[in-house]
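Student: need coordinates for the following:
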Amino acid sequence: AMAWVSLAEGRRDEALARMRAAADAEDATDKSAISPGPLAPARELLGEMLLAANQPADALKEFEATMRKEPNRFRSAYLAGRAATLAGDTARASSYFKSLAQIAAAGDTPGRPELEEVRRKQQ
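Tutor: Prediction:
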């Protein structure tokens, strides 16, 4: 939470350092056999913060790292697609948006705004 406060107060470098430390600490922690894991992985949050700081290429790396550890995460796939788009990598963006559509294929229709955005891009 302090990382987001730092970002809101304009201390971007401090915010990113705090969030990166949280992501590294989470990566070093084993997942409990009875716990489903974090609702929002710290590395995914770091990616979101990097997007907010207009660093889409770095954000994409963090979303990809999240998906290697926790595959098929809706939010990571969507944000990876957005980051790739903003970084100018349309091929990767398309791949992530297709992946997102597959993840949510059996989900609600019309569904979440993210899916509507992806469907429009695929037409």
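
Student: now for the residue nearest to the spatial centre of the chain: which residues touch it?
Tutor: Centroid-nearest residue in the chain, with Cα atoms, centre = their mean: S76, separated by 3.5 Å. Residues near S76 by Cβ atoms under 8 Å, 6 or more residues apart in numbering: P41, E44, G47, F63, T66, M67, E70. Just so you know, the C-beta spots here come from the backbone N, C-alpha and C atoms, and that holds for glycine as well.

Student: of these, which pair is most distant in space?
Tutor: The most widely separated members of those are G47 and E70, with 12.6 Å between them, by Cβ to Cβ.

Student: I figured A57 was touching T85, is that so?
Tutor: No: counting by Cβ atoms under 8 Å, A57 does not reach T85; the two are 11.5 Å apart.

Student: neighbour count winner among these two?
Tutor: It is T85, of A57 and T85, that has more neighbours when counted by other Cβ atoms under 10 Å, with 18 against 13.

Student: distance check, the more buried one against A28.
Tutor: Distance of T85 to A28, given as Cβ to Cβ, to the nearest Å: 31 Å.

Student: A65 now?
Tutor: 13 Å.

Student: compare the two and say which is more crowded by neighbours.
Tutor: Between A65 and A28, counted using other Cβ under 10 Å, A65 has the larger neighbour count: 18 against 7.

Student: mind checking the SS state of the closest residue to the more buried one other than its chain neighbours?
Tutor: Spatial nearest neighbour of A65, chain neighbours left out: R43 (5.4 Å); criterion: Cβ to Cβ, 6 or more residues apart in numbering. Assigned by DSSP: H, G, I helix; E, B strand; the rest coil, the conformation of R43 is helix.

Student: give the contact list for R43.
Tutor: A23, E26, D27, E62, A65, T66, K69.

Student: which residues touch S99?
Tutor: Applying Cβ under 8 Å, 6+ apart to S99 gives the contacts A77.
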